[in-house]
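**Student:** Build the 3D model from these lines:
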Amino acid sequence: MSVKAFKLVSAVEREMLMGDKNFINIECIECCGKNLYIGTNDCFIYHFMLDEKVSTAGKITFAATKQLHKYLGLKKPVSELKAASALTRLLVLCDNTITLVNMINLEPVPTGARIKGAVTFTLNENPVSGDPFCVEVCIISVKRRTIQMFMVFEDRVQIVKEVFTPEQPCAVAVDGYYLCLALTTQYIILNYNTGVSQDLFPYCSDEKRPIVKRIGRQEFLLAGPGGLGMFATVDGISQRAPVHWSENVIGAALCFPYVVALDDEFITVHSMLDQQQKQTLPFKEGHILQDFEGKVIVATNKGVYILVPLPLEKQIQDLLASQRVEEALVLAKGARRNIPKEKFQV
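**Tutor:** Here you go, the predicted model:
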């Protein structure tokens, strides 16, 4: 039995992005408030404003208005985008270099500040510096078995730490001083301040894409062996039972109380409260699934969609109507404990 927890709504259709140019593909996305940024394989960044509209019947749609697009001039794909709204900066990874651009006009900062030699990067959402006018950036370096930590300001960058790993890292998430790393054969937690590391569990990155996602303070979600979505704290323990994914999950996102996963055919929704699968949405050719401040966005090579959560009160009413009282109680209890009252009420 399923719960209708989310509805899939189109946000940016292919005509808005590429017209009749079939060779253009979406490589990455970033969303900050109403600002949606899309990086493409032909070295462009597109900026859209997303407006949510609610009909009298309660149906939610999104209207995307294109603001501008910018060619980076490198003839390489834009690999990753991350917004640093406090600095009005967008961090852009292209050709192993992270460039700082203005979030509004997409122009590079006049100082030309950049981080070179990055394979991938992430932001520390639980920063340790205490400076509100800087963001902490963690990169997997092109140097073998090397992680680097940077402080990024409005117009300059500063390296603060270089950490060597026992194997080649291929994915990373950060919380405070803790790095959660997918290495070649295992996941580990590494405190980059003390150098102390903790093995989590084995994993073969050659066979499957690793997933490492920070889901809350000192807690991560990982793609484990046997198609399991595993939870791990910075102490190397799991406080929740795993969720059962398919073997070929390529992305995961969090929208409490749900964990959302993407494979090559479906979007699946599991509850973090009882680990049960609650919803399956057919979705072919998806390759990006991310959450941004509670907004879950999924994309194919050609279009962007938003998973709109149904009000929890409606979900609880539907469960009760289906005589699934126990599930309704678990959801109501979990929702009231973890979600602000105004979000819970319709």
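**Student:** lowest-confidence helix or strand of this structure?
**Tutor:** helix 341-344 (a mean of 52; mean pLDDT, DSSP states H and E).
**Student:** quick one: low-confidence ranges for the stretch 1-150 of the chain?
**Tutor:** 1-2, 19-20 (pLDDT under 70).
**Student:** so where do the helices sit in it?
**Tutor:** 14-18 (DSSP state H, counting those that start in this stretch).
**Student:** so the closest residue to residue 110 other than its chain neighbours, which of the three states?
**Tutor:** Distances taken as CB to CB, 6 or more residues apart in numbering put residue 155 closest to residue 110, at 7.0 Å, once the chain neighbours are dropped. All C-beta atoms are positioned from the backbone trio N, CA, C, and that covers glycine. Assigned with DSSP: H, G, I helix; E, B strand; the rest coil, residue 155 falls in the coil class.
**Student:** Thought residue 114 was touching residue 155, still the case?
**Tutor:** No. Contact criterion CB atoms under 8 Å: residue 155 and residue 114 do not qualify, at 11.0 Å.
**Student:** Return every residue with contacts to both of the two.
**Tutor:** Residues touching both residue 155 and residue 114 (CB atoms under 8 Å, 6 or more residues apart in numbering): residue 100.
**Student:** what about those two, which has more around it?
**Tutor:** residue 114 (16 against 13; other CB atoms under 10 Å).
**Student:** Name the nearest residue to the more buried one, ignoring sequence neighbours.
**Tutor:** Using CB to CB, 6+ apart, the nearest residue to residue 114 is residue 99, at 5.0 Å.
**Student:** Surely the one you found touches residue 92?
**Tutor:** Yes. Counting by CB under 8 Å, residue 92 is a contact partner of residue 99 at 4.9 Å.
**Student:** higher neighbour count, these two?
**Tutor:** The neighbour comparison of residue 99 against residue 92 (other CB under 10 Å) goes to residue 92, with 25 against 21.
**Student:** Now do the same contact list for the more buried one.
**Tutor:** Applying CB under 8 Å, 6+ apart, the residues near residue 92 are 39, 45, 72, 78, 80, 81, 98, 99, 100, 101.
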